[in-house]
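Chemist: Give me a model of this one.
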Amino acid sequence: MENNEYALKIFHQMFDNDRFSKWLGIELVYIIEGECSLKMEIREEMLNGFNISHGGITYSIADSALAFASNSYGRKSVSLSTVMSYPTATKKGDIITATAKQVTISEKTAIFDVTIKNQNNEIVGVFRGTVYRTSKLFEI
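Modeler: The predicted structure follows:
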């Protein structure tokens, strides 16, 4: 999929200052208006006491995908609420990909679904996020 130039500029404006997403090892797969896909590898320091990845890791890549997708229109958007399910555990060495897609959008809010899959195309996370769309615009 080809990146949308405007959305890509917004992504870099956000990502370049996003130390947490960088620590996670997130890489951009693609971004277009209203949609974003990210990938990362599960590392040893991301594992919990059961030797599977901490739920916060999968949540975090989903939250980052939500942030980049919801801001891709050029209006600064912030999360209002999220819900996450973990149908399959992830482990060290897994490559997970989170893809956020707009479900609805209005003047003030938008809803996005994020599906997280592992390298075997198995769904390891399902996330839904609602964002508030501010009137502030990105300066590109």
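Chemist: what stretches of this structure score poorly on pLDDT?
Modeler: Along the chain, segments meeting pLDDT under 70 span 1.
Chemist: Please enumerate the strands of it.
Modeler: Applying DSSP state E to the chain gives strands spanning 27-32, 35-41, 75-85, 95-105, 109-117, 123-137.
Chemist: Go through those strands and name the closest to residue 5.
Modeler: Comparing the strands of the chain against residue 5 with Cβ to Cβ, the closest turns out to be strand 27-32 (9.9 Å). Placement of C-beta: from N, CA and C, glycine included.
Chemist: and the angle from that closest one to strand 35-41?
Modeler: Using axes from the mean of the first three to the mean of the last three Cα atoms, to 10 degrees, the inter-axis angle of strand 27-32 relative to strand 35-41 is 170 degrees.
Chemist: what's strand 27-32 packed up against?
Modeler: Packing partners of strand 27-32 (3 or more Cβ pairs under 8 Å, 6 or more residues apart in numbering; DSSP states H and E): helix 5-15, strand 35-41.
Chemist: Centre of the chain to it, how far?
Modeler: 10 Å (Cα atoms, centre = their mean, to the nearest Å).
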